[in-house]
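J.: take a look and give me a structure for this.
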Amino acid sequence: MTTYSDTTEFENATFVKASFKGATLRFSDVSGVTMRSVDVDGLDIDSHDLFFGSLFVNGVDVVPLVDAELNRQFPGRELQKAQTVEGLREGWVAVQAAWQTTVADTPPELVDAHVEDEWSLAQTLRHLILATDAWLRGGILRIQQPFHEIGLIFTGADEMGFDMSIFRADPPAYDEILTVRADRQQLVTDFLATATAELLAEERDDPWGGDWRPSVGDCVRVILEEEWAHLRYIRRDLARLR
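T.: Below you'll find the predicted structure:
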């Protein structure tokens with residue numbers, strides 16, 4: 001199979017009677033693509049940024065429909081957008097209960113199994129440790145070096161100049177992952193237990209060095225968004241693996 005990487009040669013191109021059957025697109029920009037009279041049977045789109053824009057199918061923007069259906073499938077997911085302390089607390093309880101069920105129901109032989117090019121359950125939990133470290137310990141609490149050594153960072157971080165030496169090279173044991181994960185979950189629980197509306201409104205720096213100036217509440221909402229998104233990913237993949 002031919003692989004096209006880091007290319008712009010298809011921008012503004014027109015494909016007529018071309019076959020993309022079985023093709024895979026990853027980390028690619030397909031914004032503004034127009035498709036007419038196409039066969040989309042079995043077309044599988046998964047976009048973390050879907051809810052920041054629009055996606056029209058036969059003239060209908062399906063983004064609100066997808067959002068509503070995911071909220072139905074994952075009770076409490078809608079609270080990832082909560083603007084109050086109470087709503088964020090309730091949302092955190094809901095997503096942690098959902099994660100507890102998923103972790104408990106995953107047999108040992110599937111903990112490190114993964115669908116091609118996706119993370120395993122163990123890797124996903126390591127990434128959520130990193131997400132909590134970035135947005136709570138780094139973003140909100142302003143700890144200079146907030147990351148645990150077993151955290152798993154996103155693809156391409158090294159190319160962005162991130163210091164990868166803070167992370168352990170060898171994968172940790174699953175029991176250690178669960179222990180650190182539980183500690184980070186408790187940190188969020190404890191923070192939300194004493195948070196106030198005034199604290200949520202305080203401004204912080206983007207922990208990844210961007211121009212965005214998130215509020216403390218925004219940082220918490222990012223944590224919730226990460227939790228729900230990766231729960232959906234791992235449940236999708238575990239269903240396939242089973």
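
J.: where in the chain is pLDDT low?
T.: 1, 27 (pLDDT under 70).

J.: what about 90?
T.: 1-52, 116-117, 154-164, 169, 209-210, 242 (pLDDT under 90).

J.: how about the residue nearest the centre of it, nearest residue that isn't a chain neighbour?
T.: The centroid of the chain falls nearest to residue 226 when counting by C-alpha atoms, centre = their mean (4.0 Å). Using C-beta to C-beta, 6 or more residues apart in numbering and skipping residues adjacent in sequence, the residue nearest residue 226 is residue 131, 4.3 Å away. Heads up, the C-betas are built off the backbone N, CA and C, glycines and all.

J.: give me the distance between residue 222 and residue 116.
T.: Remark: distance between residue 222 and residue 116 (C-beta to C-beta, to the nearest Å) = 28 Å.

J.: in terms of neighbours, single out the busier of these two.
T.: Neighbour count, other C-beta atoms under 10 Å: between residue 222 and residue 116, residue 222 has more, with 19 against 6.

J.: where's that one, which helix or strand?
T.: helix 216-241 (DSSP states H and E).

J.: counting by contacts, list what that helix packs against.
T.: helix 85-105, helix 121-132, helix 174-194, helix 197-201 (3 or more C-beta pairs under 8 Å, 6 or more residues apart in numbering; DSSP states H and E).

J.: could I get those helices in CSV, plus columns for distance to residue 50 and mean neighbour count?
T.: Formatted as CSV, the helices and strands packed on helix 216-241 follow (distance: least, C-beta to C-beta, whole Å; neighbours: other C-beta atoms under 10 Å):
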stretch, distance to residue 50, mean neighbour count
helix 85-105, 19, 16
helix 121-132, 19, 22
helix 174-194, 25, 15
helix 197-201, 26, 13
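
J.: ok, back up a step: the helix holding residue 222: which residues count as buried?
T.: Neighbour-count burial for helix 216-241 flags 216-235, 237-238, 241 (criterion: 16 or more other C-beta atoms under 10 Å).

J.: again with stretch 133-148
T.: Those would be 133, 134, 135, 136, 137, 138, 139, 140, 146, 147, 148, for stretch 133-148 by 16+ other C-beta under 10 Å.

J.: check what contacts that stretch and list those residues.
T.: Stretch 133-148 has contacts (C-beta atoms under 8 Å, 6 or more residues apart in numbering) with 129-130, 151, 166-167, 180, 184, 187-188, 191, 204-208, 214, 216, 219-220, 222-223, 226.

J.: rewinding a little: residue contacts, the residue nearest to residue 226?
T.: By C-beta under 8 Å, 6+ apart, the neighbours of residue 131 are 222, 223, 226, 227.

J.: on the three-state scheme, residue 65 is what?
T.: Using DSSP: H, G, I helix; E, B strand; the rest coil, the three-state assignment for residue 65 comes out as helix.

J.: you'd agree residue 224 is up against residue 74?
T.: No. Applying C-beta atoms under 8 Å as the test, residue 224 and residue 74 come out as separate, 11.4 Å apart.

J.: now do the same end-to-end measure for stretch 74-89.
T.: Taking C-alpha to C-alpha, to the nearest Å, stretch 74-89 runs 16 Å from one end to the other.

J.: contacting residues around that stretch?
T.: 70-71, 90-91, 93-95, 97-98, 192-193, 195-197, 200, 217, 220-221, 224-225, 227-228, 231-232.
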